[in-house]
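**Student:** dropping the sequence and predicted coords here.
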Amino acid sequence: MTRKKSAKDLTEAQAQQDATLSAEPGADANAGKVQRTPWQWALWIRTTVIVLFGLLYAWDLFEAVSNLFGKIEERARINEVRQLNGFAPLDTPWVFLLANLALPIVVFGVAILIARKRNVGILAMVLLAGLGVVAAISLTITAFVLQLP
C-alpha cells in the first residue's frame, strides 16, 4: 500500500534537499553572485581607463568649441567696427579653428589604435602622452590665433 505524501512530508523533503545542497563542496554564501573572470576584469579596467581619458580629451574638445564660437563672435564685432571706420573686414582663421577642433578627436583615436593590443598601463601612458600633445598643439594654435590682427 502506498501512502499519499502530505504537505508536511513534502516540506521535510525540501528541507532535507536544501541541507544536502548546502553541504556540497563549492556551495557557499557567494553562490548567487556573478563571478568575473580575469579577462572580464581586464576589459572592465581598460574601459574605465579609456572613459576617464576620454573625459579629459572631451575637456579639450569643449575648449576648442568655445574658442571657435568666441573667435567668430569677436571677429564679427571687430569687422563691424572696421567697416564703420572704412577698413576692409578681417577673415576668420577657419583653418586654425577647425584644426584645433579636430585635434583632440584625432589624437584620441590614434592613441587608442596604437595601444589597442597592449596592456592597460601602456594604454594609459599612450593616452597621457596624446593628451600632452593635444595640450601643446592647442596652446600653440590658440596663441597664434590670438596674435592675428
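**Tutor:** Okay, I see it. Numbering: from 1, shown residues only.

**Student:** name the residues of stretch 81-96 that are buried.
**Tutor:** Across stretch 81-96, burial judged by 16 or more other Cβ atoms under 10 Å covers Thr92, Pro93, Phe96. From N, CA and C alone the C-beta is placed, and that goes for glycine too.

**Student:** any chance of these in CSV, with distance to Leu146 too?
**Tutor:** Listed next are these as CSV, based on distance: Cβ to Cβ, whole Å:
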residue, distance to Leu146
Thr92, 14
Pro93, 10
Phe96, 10
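
**Student:** would you format those residues as TSV with secondary structure and pLDDT included?
**Tutor:** TSV is the format used below for the buried residues of stretch 81-96 (DSSP: H, G, I helix; E, B strand; the rest coil; pLDDT from 0 to 100):
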residue	secondary structure	pLDDT
Thr92	coil	87
Pro93	coil	90
Phe96	helix	93
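
**Student:** nearest to Glu80, of the residues you listed?
**Tutor:** Thr92 (13.5 Å; Cβ to Cβ).

**Student:** which residue packs closest to that closest one, ignoring adjacent ones?
**Tutor:** Arg75 (4.9 Å; Cβ to Cβ, 6 or more residues apart in numbering).

**Student:** which strands and helices sit next to the strand or helix carrying the one you found?
**Tutor:** Arg75 is part of helix 38-84, with elements assigned from DSSP states H and E. In terms of contacts (3 or more Cβ pairs under 8 Å, 6 or more residues apart in numbering; DSSP states H and E), helix 38-84 is packed against helix 94-114, helix 120-147.
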